[in-house]
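Colleague: Requesting a structural model of the entry that follows:
(2 chains)
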Amino acid sequence: KAGVTQTPRYLIKTRGQQVTLSCSPISGHRSVSWYQQTPGQGLQFLFEYFSETQRNKGNFPGRFSGRQFSNSRSEMNVSTLELGDSALYLCASSLSRGFSTGELFFGEGSRLTVL
Amino acid sequence: QKEVEQNSGPLSVPEGAIASLNCTYSDRGSQSFFWYRQYSGKSPELIMFIYSNGDKEDGRFTAQLNKASQYVSLLIRDSQPSDSATYLCALSNSGYALNFGKGTSLLVTP
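Modeller: Got it, this is the predicted structure:
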């Protein structure tokens, strides 16, 4: 059974550009969440999607956005990149909403460097 | 103040010893508690979750939860060098988003 797949794995952008990251959840998983990981702040929740709708959003500026498609694949977009956006962006999927089973599976992440 | 506090470490223990990792939290509404392990350059992987006060054992791992004192801990018995990693404490009060601590680095020395 394939895990959570994130693309691209590594990318370098310059300030002011935008970036789109992709996440394919485990087959059958309908909930997709995104997290940002930095050495200073650790892992921080960005947003969660379920049935193509954003259900929850973390404390990030509007430059961070996302969407989910009918096949549960998700993308997140960061516009007008800033140096502080350099981070590992992790996508996680789960079978359904909530943590009744505690199973949240993470992908390997997309490492973004902003120059 | 971050909601989930962990000692950053590194915590160094000899092989075969018990490693004790601690986490305190501020949100009394937290209902679900998790321990993730993250190897360098890898993504977090779930080790255990606990919802009720007390102990929960799974193999060499034991999670302990005390909601009154607002702490959750992870004990690793018979520590192995392969256990060397960063251990992330996470909790949720909403059921849909996890609040993570910054993690404790564990080093198990042969």
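
Colleague: nearest spatial neighbour of residue A:55, skipping sequence neighbours?
Modeller: Spatially, and ignoring its direct neighbours in sequence, residue A:55 is nearest to residue A:48 (5.1 Å; CB to CB, 6 or more residues apart in numbering or on different chains). Placement of C-beta: from N, CA and C, glycine included.

Colleague: Just the buried positions in stretch B:83-102, please.
Modeller: B:83-92, B:94, B:96-102 (16 or more other CB atoms under 10 Å in any protein chain shown).

Colleague: Secondary structure element holding the residue nearest to residue A:55?
Modeller: strand A:42-50 (DSSP states H and E).

Colleague: So what's the model's average confidence on that strand?
Modeller: Taken as a whole, strand A:42-50 carries a mean pLDDT of 92.

Colleague: which bits of chain B sit near chain A?
Modeller: B:2, B:32, B:34, B:42-46, B:49, B:88, B:90, B:92, B:94-103 (CB under 8 Å from any CB of the partner chain).

Colleague: can you tell me which of the residues you listed are in helices?
Modeller: Among those, no member is found in helices (DSSP state H).

Colleague: which bits of chain A sit near chain B?
Modeller: Contact residues (CB under 8 Å from any CB) of chain A with chain B: A:31, A:33, A:35, A:41-45, A:48, A:55-56, A:58, A:90, A:97-99, A:102-109.

Colleague: now the residue in chain B that chain A sits nearest to: how far from residue A:80?
Modeller: Of all residues in chain B, residue B:49 sits closest to chain A, at 3.1 Å by CB to the nearest CB. In this structure, residue B:49 and residue A:80 are 37 Å apart, going by CB to CB, to the nearest Å.
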